[in-house]
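S.K.: I would like to see how this sequence folds:
(one chain, ligands or ions: 3)
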Amino acid sequence: MTTVGILGGGQLARMLALSGAPLGLRFLVMDTVADACAGQFAPMIVGDWRDEDALAEFASKIDVATFDFENVPAESAQWLAERVPVFPSPRALAVAQDRLAEKTLFRELGIPVPPFAAIDSRDGLDAALAQIGTPCILKTRRLGYDGKGQFRLKTLADADAAWDALGAQATTVGLILEGFVAFEKEVSVVAVRGRDGEFRAWPLTQNWHVDGVLSASLAPAPSTPEVESRAITYARALADALDYVGVFALELFCRDGELLANELAPRVHNSGHWTIEGSETSQFQNHLRAVLGLPLGATRMVGEACMLNWIGEMPDAFAVLAEPGGHWHDYGKDARKGRKVGHATLRADTPQELAQTLARVGKALGRESQVEPVIAALR
Ligand code: ATP
Ligand code: MG
Ligand code: MG
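M.R.: Ligands and ions are numbered 1, 2, ... in the order given. This is a model prediction of the structure:
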């Protein structure tokens, strides 16, 4: 009996555990809070990431470790890796945890990026603003997620407000200034690399964000074969450079036929949730196969898929379940403003059918504004 340890007990760990059950796997989750939603399906150890006793107990009970939470301190991941196999490696995790290291690596690999500069003082911000110009975004280098730890500057007059908001973090988690990309669309490559270096990518996914949080994902992304293969080539170069093992997502902006890399998520990703029903093999199943050294499953699609995120509170399930291709995921979390509490995936055989399904579901749930951009992209 193989036990997979997962650092972090959110919905990603929960969906990993659900998809690993048919493989006969057991799971042990570690989280800092006792009510983490993966705990409803797997035994849990509650402890701080730097708590060596908790980590030692975790390590003693598992065969391999992986992540639901990408911000586990790199030293804790390293400590664990000296005792049990950890995938992806602490090194890959460390790169993805730091926007500066990540963007520097993208650039080294020839993956285009928006202009960026590390910021460590108020003067440094002015110097970077002179170089990058506005509009731009000041971001924390570490620990940001769902658009948190970001300040958008429209003009140079916003510099004081940006520094007031984030300046104190320049010496703790670090800051980076990035040029604002007036993108036509956002896409992601969700891909998997095995222990033996085998690489597979799911079809390109288009993503829509609201207030910095993912709202909807559509696969396959309306795109061209050339753009899709360029995106996948970037993802592969990155995975090979990091000797990456497991599933990851590369987020990209599309502008004038150009692809600019935004960030690397070193784990299964929200923009890949549609793979549960929309692909031959889900990202969760393939992540487990990769970390266990098992053959990877095919990543081809089964029809067209759209995932809708439920943020804050769950809507009523009826309208989605009433659809022939409707699938419901309730993470078992308490409602809370801004929190990802569940998602739905709608699947259909053609883009036209998917658009009709989305229109029905959007209307029934009063979420026309969430489905409208996806329907427009399907036209
Ligand atoms: P995630 O939840 O995806 O990890 P995050 O907090 O790490 O989010 P980003 O992905 O960097 O943050 O930014 C969130 C969203 O903000 C992006 O998906 C994009 O819509 C917008 N955004 C971020 N950086 C830029 C940029 N340089 N130009 C234009 N839009 C941007
Ligand atoms: Mg991120
Ligand atoms: Mg992102």
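S.K.: output the contacting helices and strands for the helix or strand harbouring Gly342.
M.R.: In this assignment (DSSP states H and E), Gly342 forms part of strand 340-348. Judged by 3 or more Cβ pairs under 8 Å, 6 or more residues apart in numbering; DSSP states H and E, strand 340-348 is in contact with helix 275-278, strand 304-311, strand 326-330, helix 351-365. For the C-beta atoms, the positions are set from N, CA and C on the backbone; glycine is no exception.
S.K.: buried residues, stretch 316-326. List them.
M.R.: Neighbour counts over stretch 316-326 (16 or more other Cβ atoms under 10 Å) mark 319-320, 323, 325-326 as buried.
S.K.: residues contacting Leu308?
M.R.: Going by Cβ atoms under 8 Å, 6 or more residues apart in numbering, Leu308 touches 215-216, 343-346, 361, 367, 370-371.
S.K.: let's see it at 6 Å
M.R.: Leu308 makes contact with 216, 344, according to Cβ atoms under 6 Å, 6 or more residues apart in numbering.
S.K.: returning to what we had before: just checking: what are the partner strands of the strand holding Gly342?
M.R.: Neighbouring strands of strand 340-348 in its sheet, by DSSP bridges, are strand 304-311 (antiparallel), strand 326-330 (antiparallel).
S.K.: so which of these is the most surrounded?
M.R.: strand 304-311 (a mean of 25; mean count of other Cβ atoms under 10 Å).
S.K.: now the closest residue to His287 other than its chain neighbours: which helix or strand?
M.R.: The shortest distance from His287 to any non-neighbouring residue, by Cβ to Cβ, 6 or more residues apart in numbering, is to Val247 (4.0 Å). Element membership for Val247, per DSSP H and E: strand 246-255.
S.K.: show me what from the stretch 251-379 of the chain comes close to ligand 1.
M.R.: Contact residues (Cβ under 6 Å from any ligand atom) of the stretch 251-379 of the chain with ligand 1: 251, 262-263.
S.K.: closest to ligand 3 out of the buried residues of stretch 316-326?
M.R.: Val320 (25.5 Å; Cβ to the ion).
S.K.: would you list the phi and psi of that closest one?
M.R.: Backbone torsions of Val320, given as degrees, to the nearest 10, read phi -80, psi -50.
S.K.: now it: how far from Asn207?
M.R.: Distance of Val320 to Asn207, given as Cβ to Cβ, to the nearest Å: 20 Å.
S.K.: for Ala249, list the residues it contacts.
M.R.: By Cβ under 6 Å, 6+ apart, the contact list for Ala249 reads 188, 190, 265, 269, 271.
S.K.: one more time with 8 Å
M.R.: 188-191, 264-265, 269, 271-272 are the contacts of Ala249 under Cβ under 8 Å, 6+ apart.
S.K.: residues of the strand holding Val247 that come out buried?
M.R.: Of the residues in strand 246-255, those with enough neighbours to count as buried (16+ other Cβ under 10 Å) are 246-254.
S.K.: all strands of the stretch 1-150 of the chain, in order?
M.R.: Ranges of strands in the stretch 1-150 of the chain, per DSSP state E, counting those that start in this stretch, are 3-7, 26-31, 44-46, 64-67, 116-119, 136-140, 150-153.
S.K.: between the ones you listed, which one is closest to ligand 1.
M.R.: Closest approach to ligand 1 among these (Cβ to the nearest ligand atom): strand 136-140, 5.0 Å.
S.K.: right, is the closest one up against ligand 3?
M.R.: No - with Cβ under 5 Å from the ion as the criterion, ligand 3 is not reached by strand 136-140; the gap is at least 10.3 Å.
S.K.: list of residues touching that strand?
M.R.: The contact list for strand 136-140, computed with Cβ under 8 Å, 6+ apart, reads 99, 119, 125, 129, 149-153, 162, 165-166, 169, 173-180.
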